[in-house]
Each structure stands twice: as structure tokens, then as C-alpha cells.
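below: sequence and its predicted model.
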Amino acid sequence: MVVILRFTAVNNSRPDPVFSPRPIYKRPRMSDQTDVLQGTLDLLIMRTIALEPMHGWAIAQRIQQISDQLLRVQQGSLYPALHRLEHQGWIVADWGASENNRRARFYSLTKAGRKQLDIEVSKWERLSAGVNLVLQRS
Amino acid sequence: MRLWNIVQSRLRSVFLRDRREADLREELQFHLDRETERLEASGLPPETARLQALRLFGGPEQIKEACRDARGTRLVDDAIRDVRYALRGFRRTPLVACAIVATVALGLGLVVVAFTFLNALLFNVDQVPNIHEMFAVERPRTSEDEPKRFTRGEFDALRRETSVFTDSYAESGIDSRVDGRPSEGTLVTGNFFQVLGVTAAIGRTLTRADDDPFEGRPVMVLSDRGWEKLLARDPAVLSRTLLVNGVTFEVVGVMPKRFRGLTVSPADYWVPFSTVGRLRPKDRGREADVGVGIIGRLKPGQSRQTAQAALAVWASASESVTDPSTRSGSSRATSGDERAAASVILVPRRGTVRQPREAAFVTAPLFLAFGLILLIACANVTNLLLARAVARQREIGIRLSVGAARSRIVRQLLTESLLLALLAAGAGFAISRVVLEASIHAVMSSFPADFGDIRLMVPDADWRVLLFLLIGAGISTMFFGLFPALQATRIEPVRTMRGEVVRDARPGRARDVLIGVQVGASALLLICAAVFLRSAFAVTKEDPGMRTSDTIVVAVGDERYRPAMLEAVTTEPAVAEVAAAWPTLAGGPRTALADASGTTSTVAYQFVSPEYFAVLGIAVVRGRTFMTNERAPALSVAVVSERTALTLWPNGDAIGQALRLDRSPVSQAPSASQTPDGDGPPLASRTVTVIGVVRDVPGFYIAPLPRAVVYLLTSTAMPGSALVVRVRGDADVVRQTLLKRFAVIDPTLSQVEAFVLGWVTRMQSYFLRMGFWVAVGLGALALALTVSGLFSVLSYLVEQRTREIGVRMALGATTMDVVRLVLSQSFRPVGVGLMLGGILSATASGLLLATLGRSIGQIVRVLDPVAYGTSLVVILTACLAAASIPATRAARLDPTRTLRQD
């Protein structure tokens, strides 16, 4: 079973283009449903580049690969997430040569990012443990 | 480290946007290429692979937008984009932009003029290191009069006996003639420049050695203004000498331009105190009694309160030493003045005005008036922007429907307004400098040179003025930009996209309010102008009770010149009659206790020569005045004024009555040569017989004289008296002739003063006329702005309602009906505005009367009905004229053509 996770950027939510049924003036806050999922994507990204710097495409491939194709990152949410993490200072980006000798932007974890990663991992473990307990016991 | 990364990232986003965009594009393109390769490798044909990759990716533009948002510099990005958009818009409609900038610049410029004055008076501290430690030692002000100044002797004692100051200096102003020109200088003790801690720009400053009473040399230090005025900025200034009151001084230094000597406007020069005897002959030998201002630098760590208390202790101790009456413990009750004379206050001296509250009070009306102009200008611009918003409905509707938030569009419109306001601020600064230069020039050139040497300089614009300008621009943006921006976004996008542009047929309450405000403000200003004008006329018609237009008062400074001057005056053919009087108008009245068979009263007394009443044209009511040959036995006759006669002998005839005059205790306090009349002869107690009663002399509005006067006999030879001269012909011309004659006797003209009595009236009306010109200028400006605003609003409305008017005319409306329709648009706001303006003026005048007192109320008739009536009529006429043109245009509409339109 493939779970496609739709990760959307949360900070500055933009409404969908013209054909949205929502009233034009209201700005819907989509952060409620996707907060958890957005945090998870950040976690996955940071974990992936903790070992070695990678460019965006490679990160997506690696996540897919390691999760045995269970997690497929929607590519539209990958780059906003990368830029957001960069803006927050957890990761830094640098231009380098990719496998096929093309210029690509490589992301790596900063020292603060590593600390944040540990925090996020522990948060996730608590969360998943709690969800599991509820599912088992109820 | 993280913080540094964040900062770096943000800075790069702002300043290297193009590179960021290129990077983003390349990064996403790389991803797409790799994905395409992967799909090709899994067997898809290249084109299909590419499309599939694109589909999997999602729209690159949206992703780019999401990445840009994630960078967190959205506000800055938006702002830059808004600015570019606004500039493009201005280039498309330059006229509108120019009109807005010009209107707001006018208002802002005027308000900045008022603030520049306020800044120069209140905030512009002098360029002295640690200026907050400088304090002046003064006696508290108890009544209307100036408190008694300390003397030089007291200053020396203070310096010796107290230790609150690290050091202190004494200063005293001196009016002098330098090379024949009137000039103001300051006598300072030798440590003046050292206490202040300043150095000269050219040459050196004064030192203690220069102030040595025995060895002191006549040297002087010029201020920058003095250098320009007296030596025309001669570069070889250090070798020059100047003749000050007949004494040759050598210039040893020039102070920098910014140094003012802790006053608002600097004196022309500073000279050592020890030269006072040479510059002012009447102070020779009594240097220790000269009144001085004492200023000192507080010891660091001393608080003002403790220093003040210490000085108060010293002051009361020294009072009891010098005044034997208190030491002997007399039972005479000490008046409040005497008690206050013993206490001392410390007043900070920064080079700003000494009474900041009064200064703020004086500039407040100026601020208000100019602020009104700004308000009117902003109201005009608001109307303009409201009309423009209607024209931009389509554009805004499209943007709203594509998903822009209302706040985003409001932000964009506000950015446009802010940009215009900033441009207007720049232009307004230029306007303010021009207005300041022009007005100072006008005042200096119209001020009669003989009144005195006024020291008016164009105030500098420092950082406070620029800050005020920026804040003013921001506030004006709020005024004129916010409301139209909110109005503009209040539309229904579906309808505008369909093309149904909402025609603003009804003007809405907003426009009415704006017009009403404008009319009210114009009414206020014009009423002020009319009040000033009427008062100026009324003042010229006042009757001071004496002949002023052909009377010259000559003050004799040095008694040695008296006989020569007397001869010069009496032999001058244009002179009709000469009299003498002490004290004159310039000094204050001297009072005495009069006792007439039981009734006592305080009266003023004046020593006059027999010709005095004839010279001034004071009418005799009963009895006679002095005869020219009454001499020593005449010490026992006196002439009284009507008021005195009424007070002392209410029931009987004053003629022949005996009157006893005693010294009044308060008035005979030793004055430290503060008044130009000096002490004069002390009033010996005497009994006099009244021989005549003359009319009261009320004096002028700004210089009223006491009504109850007793005149005693003297002659023109009395030392200290001034000569009161009646002349034939033009008094100004005769004055010049007399001065030329005096120049023969006293070449420096430093010991003589001659002024025409008529100048006092002229000065009163001069200030009122100045007020009139300022108010009428502002009022005309306000009215012009209001009328143009009214005109544009009405024309716009007529244009919007063309169709409706066509229909009405087709249905049978006459021209009169159409005209009435258009005019009624403006009736209500104009009427309300006029009422508002009238009520505001009345309340403001009421407040002014209450605070400034009756004296102003006599000069300026603030509730003058004629003034109110004329200004209201003027405004009504102007508004009617403005409204008539659109009305006639509406009346001339051809209904068939208008119905065919659209």
C-alpha cells in the first residue's frame, strides 16, 4: 500500500488557484490538518542528510528507497520544505557537482540542525508510541 | 551560529534576489531533468518521460512561489514590488501624482516651518560640552516684574563662599554702538570660555588675565554673527580694532558659528567685565553694583536640589549680613517680595528659551494654523484618491478575484500613498526653507531700523526637523491614504469583472465631511485675519492722552553732555518747545505714599519742568500748571491728575489743598542700575500745595501709564531727566537732524538716545499688521485649496450623474431645478463647515481671553461681529463661485445627447 503524503507549506498558506470553491476573501488556515505531516517531512529530510550532503532529488529518492517505497514525497512540497529549513537555519545549501557532473544544490545539516534533529526524533517517538497505545488498547 | 545563518539568508534574499531566482530556477530544472532521466531509464519515450516528470512534480511556478514564501522575506519582496508598481503608475498618470505631491508638500512645508521655529527655541541646545551641568542662579519670579538680579559683588561672594559649582561666571548684556552702528554685546568675567569649555575658531578666547581689574586690556572676542555684521567676515580679523562706545578694543578671536554663549541668538561680541567702567560711564566706580547673570557648572554628582538648598542658605545668610534692618529684628512685616528675595533657584541654561512653556504657547497657534492647511490639503488629496479609486475598480476587482487578499491590496495602495508623501516631504522641506528665508527677510526689511537691532536668524534644520518631516509624511499618509484605500477594496469582484463599474452617484458622507472640515478651517483662518485687521485699525486710533506724533524723547546718558545737548536742542529751528521729565515712559513709574488730611493712597510721582504739559498737550482741568519762573520756593507746589484728585478729595475741590508725600517702602529698594533712568533724586518727604488738576494720561495699550499722578516741579537741568521735545514738521526727519547735532557733541552716539513717541503706536499696529498678513496669507491659501477641492468634487459628481440629469431634463426638469440639484450637493457641508468654523473661532477666542487676560482683549477685539460677518460672506461667495461652474455645465447639458451616450 502506498501512502502518498501531501505535504504543503504551512507558514504562508496560499489558496489554490482560481477554481477553488472557497469564498475569495477568506484565507483558510490549512495548518491545522497538516502540522503533523509537515513536521514529519522536515524530520525525514534532516535525517536523510544527517549522514551526507545531498541534493533535493536525491533526498526524495533516498526517502522512497529506504522506506521500501512506503513513503513517496510529493515533490511539490519538497523544495518549499528545504527552503524553509534553510531559512530557519537548520540546514545550509551549497552548489556542487552531482553524479552526472551537473551543478546541483547540496544540502547539509548544521550543528544546530543536528540538535534539532535529536529533539524532533524524540518527539516523533513519543507521538507514535502514544498513537500505538491508543490503537492497541481501545 | 544559527542566528548568523538566518541573518545571512535573509540578507541574501533581499539583496541578491535575482541570483536567488536564478538559483531556484536552476535547482528545480535540475530536479526535473533527473526525474526525466529516471523515467527514460525505466523505458518511457523522452517526450512522455518529460511530461510525466512535470506532472509528478507539480506546477513549477507554484512551487517557486511556495519557496519564495518559505524564505520569509515576503514583506520586503512585496514592498519592493509595490514600489515598482507605484512608480509605473505615476509614470502613466504624472499629472495626478504631481498634483498630490504639490498639495501635500505645501501643507507639510508649512508645518515644518512652525516646527523649525519651535526646534530653534526649545530643543536646539548650544554646542557646549556637558551642557546639562550648566545652571543659572536666579531669584524666583514672584510677581509680574522681573526678579532682582544679583550684583557683581554678590557673584564674587558666591564664588568665594559656596562650593556647589566647579566654576561659575557672571555676564551682563550691554547695548552699545560699534563704529556708529547699534550692537549688542556681553560683558563676561575672564573665566567665561573656560567654564564653558569651548575654544575659538580663529585666534583665542578671553582669559582671566584679560579681566584683571588693574591690568585688564580692552580685548574682545567676536561671535560668528558679529564677525559678519561688524567686519564683513574680513579674514584678517585678528589685527582689527573696533570702537565700542568710544573705547578702542582689539579683536583677539572669533567663535565658531555654532556657539551661542548659552542664549537663543548670540551677542555680537564678548568683552571682559573689567571694562564696564569705560563702556558705561555711569557705572564707573560702582562696578560691584552692576546687575549680572550668574551661571555655573554644577559639580558632577551634585543634584540640583541639594545645590539649590545650599545656595538658598548662603543667600539668606548674606542677606541678613548686608541688610541691617533684618538684623536688628525690626517688627516691620517682611513682604512676600523680600522673603522671596532671600531664596534662590537654579534654572538650567542650555541655550534655549528660558521660559519654554511661554515659547510653546506662542508657537502653538502657528502650529495650529499651519496644521489646518495640512488638514485641508490632505482632505483635497483624499477626495482625489477616492475619485481615482472609482476609476481603478476594474483593476482591483481582477486582483481580488485572482486571489489577492484585501489587506494585500490595501497595503499596495498605502505604499503608493507613502511614496507620494515621501516625495512631498522632500518638496516640503525645500518649501519650508524658502518660506523661512522669505519671511525672515520680509520682517527684517520691514522692521523700522530705528526701533532697535533685532536679532533674527533663519533657524537651522537639524536632524530633529528631518525626523519630524518623516513622521509628518507618515501621518499624512494615514490621513489621506487609508480611507481611500479601504474604500477602493470594498467592491464586488464579480460585478466589476462583468464591467459594471459602480458609478459613485451619491457623494457619500465622507466627502461631505471632508468639504465641511475644509470650509471650517478656512473660516477659522479668515476670521483670525479679519480680527487682526480690525484690531490694527482700532489701535491706530487709540488716544494715549498725550501728543505722540510730533514728540521726541531724548535720553541723556552722560551728565557732562547735558548742557551742550540742551543747547543743541533749543537752538534747533524745528524744535518748538523743550521740557524735561523724570521718570519717562522707558523707566517704570515711581510711587509714593500720599496723605491728604486723613485719606492715604499710593500715587505715582513725576518730576517735570513747567513746559511739560504744553509739550505733551495735557489739558488743564482746573487751576493752573507750573510757571516758568517758579523756583526754590516752588518746591511746595504740585499739580495732580484727575484720578488723584478724585481719590484723595472725593468731595471737595483739590485746589489749594495740602498734600504730604512720603517715600513708599517698596519702591525705594536699591536698584542696581537696572532701569535706564537710574536712581534719580531720592524723594524727600515733603508737603505740597495743589495748584492745578490736569487730565489723566492713560498711555498706550502695551505701555499703560498710572492714572493717579502727582507732578512735582523741576527744570531741564535735573540730572537723569530726559528731554521731551515738541517739533515742527516730520518727527522722523527732525530726529535725524537732532542726532546729527548730537554726533558733534558725542561722536560715538553711545550716550544719547532719541525716539519718537509715535513709534509706540506704530509698533503696536506693526505687530498686529504682521499678524494680519500671516493670517490672511494662510486664509487665502486655505480658501484656494478648499475652493479647488469643492470645484473638482462637484465637477466630478456632475460628470458621474450626466445620465441622471439627462433623464431628469427629459422628464421636464427646468434649468433652475438642475442648478438647484447640483448646488444642494454642497449646501449642507458648506453650511455646517461655516458654523463649525464660527463656533471654533469663538471658543478659541474665549480661551485666549481667559488665559492672556484683559490687556490683550483691549488690543485685539476677538469677538468682533464685523470680522466674523465679512469672512463668512467671503467664504460663501467663493464657494458659490466654485459651485456655479459645474452647475452651469450641468444646466447646459443636452438631454438627447446624454441619453444616447453610455
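Happy to help now that I have it.

find the helix or strand that the residue of chain A found nearest chain B is a member of.
Evaluated by C-beta to the nearest C-beta, chain A has residue A:76 as its residue closest to chain B, separated by 3.3 Å. (C-beta placed from N, C-alpha, C; glycine too.) Taking DSSP states H and E as the definition, residue A:76 sits inside helix A:75-88.

same question for residue B:687.
Secondary-structure element containing residue B:687, defined by DSSP H and E: strand B:686-694.

may I have the strands that pair with the next helix or strand along the chain from that strand, each with its orientation?
Once the chain leaves strand B:686-694, the next helix or strand it forms, by DSSP H and E, is strand B:709-713. Sheet partners assigned to strand B:709-713 using DSSP bridges are listed as strand B:599-608 (parallel), strand B:637-641 (antiparallel).

most packed of those?
Relative to the other members of the strands paired with strand B:709-713, strand B:637-641 carries the highest mean neighbour count by mean count of other C-beta atoms under 10 Å in any protein chain shown, namely a mean of 26.

name the residues that touch the next helix or strand after that strand?
Using DSSP H and E, the helix or strand that directly follows strand B:637-641 along the chain is helix B:642-648. Residues from elsewhere that reach helix B:642-648 (C-beta atoms under 8 Å, 6 or more residues apart in numbering or on different chains): B:594, B:596, B:599, B:601, B:603, B:621, B:640, B:654, B:657, B:659, B:690, B:693-696, B:707-710.

quick one on the thing from earlier: which helices and strands sit right next to the strand holding residue B:687?
strand B:620-623, strand B:637-641, helix B:642-648, strand B:658-663, strand B:709-713 (3 or more C-beta pairs under 8 Å, 6 or more residues apart in numbering or on different chains; DSSP states H and E).

what comes up buried for it?
Applying a neighbour-count criterion of 16 or more other C-beta atoms under 10 Å in any protein chain shown, the buried positions in strand B:686-694 are B:688, B:690, B:691, B:692, B:693, B:694.

in JSON lines, list those residues along with pLDDT.
As requested, the buried residues of strand B:686-694 are exported to JSON lines (pLDDT from 0 to 100):
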{"residue": "B:688", "pLDDT": "83"}
{"residue": "B:690", "pLDDT": "86"}
{"residue": "B:691", "pLDDT": "86"}
{"residue": "B:692", "pLDDT": "87"}
{"residue": "B:693", "pLDDT": "89"}
{"residue": "B:694", "pLDDT": "88"}
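
now, which of those residues sits nearest chain A?
Top of the list for closeness to chain A, among the buried residues of strand B:686-694 and by C-beta to the nearest C-beta, is residue B:694 at 87.2 Å.

buried deepest among the helices and strands packed on strand B:686-694, which one?
Among the helices and strands packed on strand B:686-694, strand B:637-641 has the highest mean neighbour count (mean count of other C-beta under 10 Å), at a mean of 26.

what's the angle between that one and strand B:686-694?
Taking axes from the mean of the first three to the mean of the last three C-alpha atoms, to 10 degrees, one finds that strand B:637-641 is oriented at 50 degrees with respect to strand B:686-694.

residues contacting strand B:637-641, please?
The set of residues external to strand B:637-641 that reach it, using C-beta under 8 Å, 6+ apart, is B:613, B:623, B:625-626, B:630, B:648, B:654, B:659, B:688-697, B:707-713.

okay, the residue nearest the centre of chain A: pLDDT?
Among the residues of chain A, the smallest C-alpha distance to the mean C-alpha position (C-alpha atoms, centre = their mean) belongs to residue A:41, namely 2.3 Å. Predicted confidence (pLDDT) at residue A:41: the value is 88.

tell me, how many residues neighbour residue 133?
Assuming you mean chain A. Neighbourhood size, residue A:133 [other C-beta atoms under 10 Å in any protein chain shown]: 10.

not quite, go with chain B.
By the measure other C-beta under 10 Å, the count of residues near residue B:133 is 18.

wouldn't it be in contact with residue B:295 here?
No - with contact defined as C-beta atoms under 8 Å, residue B:133 and residue B:295 do not form a contacting pair (10.7 Å).
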